[in-house]
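1. I'll drop the sequence and a predicted model, then ask my questions.
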Amino acid sequence: MGNMKLYELVNYYHIGTDLSCAEAMFQACNEYYHLHLSEETRKMFSVMGLGMQTKQSCCGAFTVVAGIIGLMTAKDGQNDTQNMEGYQIISELTEFVLGFYGTLHCVELRNLQVVGYESPCEAIVEEIAKRLEELLSKHNVHPTVHTGLFSS
């Protein structure tokens with residue numbers, strides 16, 4: 001899709017489509033960062049939209065982004081406690097979303113009124129994509145091409 005920013009690509013896949021926030025974020029990140037993630041990986045993330053399909057859980061777009069951050073920051077064989085870079089990026093993203101919207105809870109986010117957007121989810125997904133791009137750039141995180149189970 002040319003020289004689109006990540007948020008523009010997310011909007012392309014999200015607004016006016018039948019993709020959930022999670023599916024749109026996954027598709028956009030996979031394409032934008034050239035992750036080459038497989039159909040199986042897409043399926044893993046497919047149930048994360050609408051707050052894990054219940055509206056009672058964390059925002060699906062945020063959840064997908066947390067997975068993308070882990071994918072892009074964890075080193076082979078590294079466990080959670082060793083990935084301080086990923087931890088820092090997710091902490092900064094969490095602080096942003098909580099500071100900007102007051103919650104990560106899907107049902108509360110869906111009830112917000114955001115001027116200029118038909119749905120609050122459109123604005124939220126766009127802002128999460130913008131912040132992800134900024135944070136990865138700030139932390140100098142670049143995708144690596146993965147081979148194996150998660151690659152196509």
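-> That came through fine.
2. regarding the spatially closest residue to residue 126 that is not a sequence neighbour, which helix or strand does it belong to?
-> Closest residue in space to residue 126, ignoring its immediate chain neighbours: residue 7 at 4.8 Å, by C-beta to C-beta, 6 or more residues apart in numbering. For every residue, glycine as well, the C-beta is placed using N, CA and C. Secondary structure from DSSP states H and E places residue 7 in helix 6-14.
3. ditto for residue 63
-> With DSSP H and E as the test, residue 63 turns up in helix 60-73.
4. same for that helix, what does it pack against?
-> Contacts defined by 3 or more C-beta pairs under 8 Å, 6 or more residues apart in numbering; DSSP states H and E place helix 60-73 against helix 21-32, helix 84-101, helix 120-138.
5. residues contacting residue 83?
-> Residue 83 makes contact with 70, 73-75, according to C-beta atoms under 8 Å, 6 or more residues apart in numbering.
6. how about TSV for those residues, with neighbour count, distance to residue 134 and pLDDT added?
-> Conversion of those to TSV gives the following (neighbours: other C-beta atoms under 10 Å; distance: C-beta to C-beta, whole Å; pLDDT from 0 to 100):
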residue	neighbour count	distance to residue 134	pLDDT
70	16	18	92
73	19	15	93
74	15	20	88
75	11	23	87
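7. ok, the residues you listed vs residue 120, which is closest?
-> residue 70 (26.2 Å; C-beta to C-beta).
8. which residues does the nearest residue to residue 26 once chain neighbours are set aside contact?
-> Closest residue to residue 26 apart from its sequence neighbours, by C-beta to C-beta, 6+ apart: residue 45 at 4.5 Å. Counting by C-beta under 8 Å, 6+ apart, residue 45 touches 22-23, 26, 64, 67.
9. what separation do you get for residue 45 and residue 140?
-> Per C-beta to C-beta, to the nearest Å, residue 45 is found 25 Å from residue 140.
10. and the residue nearest the centre of this protein?
-> For the chain, the residue nearest the mean C-alpha position is residue 65 (2.6 Å; C-alpha atoms, centre = their mean).
11. contacts for stretch 67-74, please.
-> Residues contacting stretch 67-74 (C-beta under 8 Å, 6+ apart): 25-26, 29, 33, 35, 45, 83, 85-86, 89-90, 93, 132, 136, 141-144, 146, 150.
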